[in-house]
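Participant: coordinates only, sequence not included:
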């Protein structure tokens, strides 16, 4: 999808925003025993910091590592969606532990119990992050990106025609 550096930055910003928004709402609801109006405001206050951390973590380490991991998977060339799903799944496999590490350090402050608290946070966050990424956030961001960058949509359509 994104080809140029500017397109990659835009795609990363969109993906980071929508993933962080959902995960902040989810984690605030977990912390407070359910999501309330006050919890939504709390999540929105945490959003800017986590958004910046997510974008930087993703840009520096998450996406390059996820791309390498996805490239190692046996993905059939005749099914382009498999490559998208592999990349999305590997991104969650890398970013969920990384962002859970940030969240544990910033919001839980577990002291000597840091590793168990972090592992528990990963276990709580992984299912939500995975399903949100595969079924909602990924398709939404790809659609928004194609709307914002029509040249990317045309290049994607040409690639799909060539694969047929």
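Facilitator: Structure received. These numbers were taken from a predicted model, which means no experiment stands behind them.

Participant: quick check: residue 25 vs residue 9, distance?
Facilitator: Distance from residue 25 to residue 9, counting by C-beta to C-beta, to the nearest Å: 25 Å. No exception for glycine: its C-beta is placed from N, CA and C like everyone else's.

Participant: quick one, which of these two is more surrounded?
Facilitator: Relative neighbour count places residue 25 above the other of residue 25 and residue 9, with 19 against 13, counting by other C-beta atoms under 10 Å.

Participant: ok, and that one, which helix or strand is that part of?
Facilitator: Element membership for residue 25, per DSSP states H and E: helix 5-32.

Participant: how far away from the center of its chain is that helix?
Facilitator: On the basis of C-alpha atoms, centre = their mean, to the nearest Å, the separation between the geometric centre of helix 5-32 and that of its chain is 6 Å.

Participant: distance check, the residue nearest in space to the middle of the chain against residue 130.
Facilitator: Per C-alpha atoms, centre = their mean, the C-alpha nearest to the average position across the chain is that of residue 19, at 4.9 Å. To residue 130, residue 19 is 11 Å away according to C-beta to C-beta.

Participant: neighbouring contacts of stretch 53-65?
Facilitator: Residues outside stretch 53-65 that contact it (C-beta atoms under 8 Å, 6 or more residues apart in numbering): 12-13, 15-16, 19-20, 90-91, 94-95, 98-99, 102.

Participant: kindly recompute the last result at 7 Å.
Facilitator: Defining contact as C-beta atoms under 7 Å, 6 or more residues apart in numbering, one finds that stretch 53-65 is touched by 12, 13, 16, 19, 20, 91, 94, 95, 98, 99, 102.

Participant: list the buried residues of it.
Facilitator: Residues of stretch 53-65 classed as buried by neighbour count (16 or more other C-beta atoms under 10 Å): 53, 54, 55, 57, 58, 62, 63, 65.

Participant: may I see these organised as CSV, with secondary structure added?
Facilitator: Formatted as CSV, the entries for the buried residues of stretch 53-65 read as follows, by DSSP: H, G, I helix; E, B strand; the rest coil:
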residue, secondary structure
53, helix
54, helix
55, helix
57, helix
58, helix
62, helix
63, helix
65, helix
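
Participant: between the residues you listed, which is closest to residue 148?
Facilitator: For those, the closest approach to residue 148 (C-beta to C-beta) belongs to residue 55, at 16.8 Å.

Participant: per-residue pLDDT, residue 163?
Facilitator: As summarised for this prediction, residue 163 has a pLDDT of 47.

Participant: related to what we said a few turns ago, tell me the average confidence for the helix holding residue 25?
Facilitator: Here helix 5-32 scores 96 as its mean pLDDT.
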